[in-house]
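Asks: Sequence and predicted structure below; questions after.
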Amino acid sequence: MKAIWNGVVVAESDDTVVVEGNHYFPDTAIDKKFLLPSNTRSMCAWKGEARYHTLFVDGDANPDAVWYYPDPKEAAQQIKGRVAFWKGVKVVES
């Protein structure tokens, strides 16, 4: 799977976990040079607290387009150490 934004592959992996229709990539699959910190947080009843990163590609920012659960609840342990994408980031098969 590839995550593409602004025409650039920002993450690629053969090892994704699909939860609620979202592909969660291993944290190591994303190119960290495209990430900016974000203070945004949200809560999911069964996964726990999500945190976010802003994607920054070729001078364009996509705020909070990457999310992850640093300490997911027991029911969501399969996404620990993984990131997912939204806000126009295309996730396609490699």
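Replies: Looks like it came in fine.
Asks: Residue nearest the middle of this protein, spatially speaking?
Replies: residue 84 (2.5 Å; C-alpha atoms, centre = their mean).
Asks: residues in contact with it?
Replies: Residue 84 makes contact with 19, 22-25, 66-68, according to C-beta atoms under 8 Å, 6 or more residues apart in numbering. Every C-beta, even on glycine, is put in place using the N, C-alpha and C of the backbone.
Asks: redo that, cut-off 7 Å
Replies: 22-24, 67 (C-beta atoms under 7 Å, 6 or more residues apart in numbering).
Asks: The residue nearest to residue 68 when sequence neighbours are not counted bridge partners, please.
Replies: Of all residues not flanking residue 68 in the chain, residue 83 sits nearest, at 4.5 Å (C-beta to C-beta, 6 or more residues apart in numbering). The bridge-partner assignment for residue 83, based on DSSP bridges, gives residue 25, residue 68.
Asks: Could you check how far residue 83 is from residue 67?
Replies: 7 Å (C-beta to C-beta, to the nearest Å).
Asks: next one: residue 34
Replies: Residue 34 is 15 Å from residue 67, by C-beta to C-beta.
Asks: still on that earlier bit, counting neighbours, which of the contacts of residue 84 comes out on top?
Replies: If you count neighbours using other C-beta atoms under 10 Å, the busiest of the contacts of residue 84 is residue 24, which has 26 neighbours.
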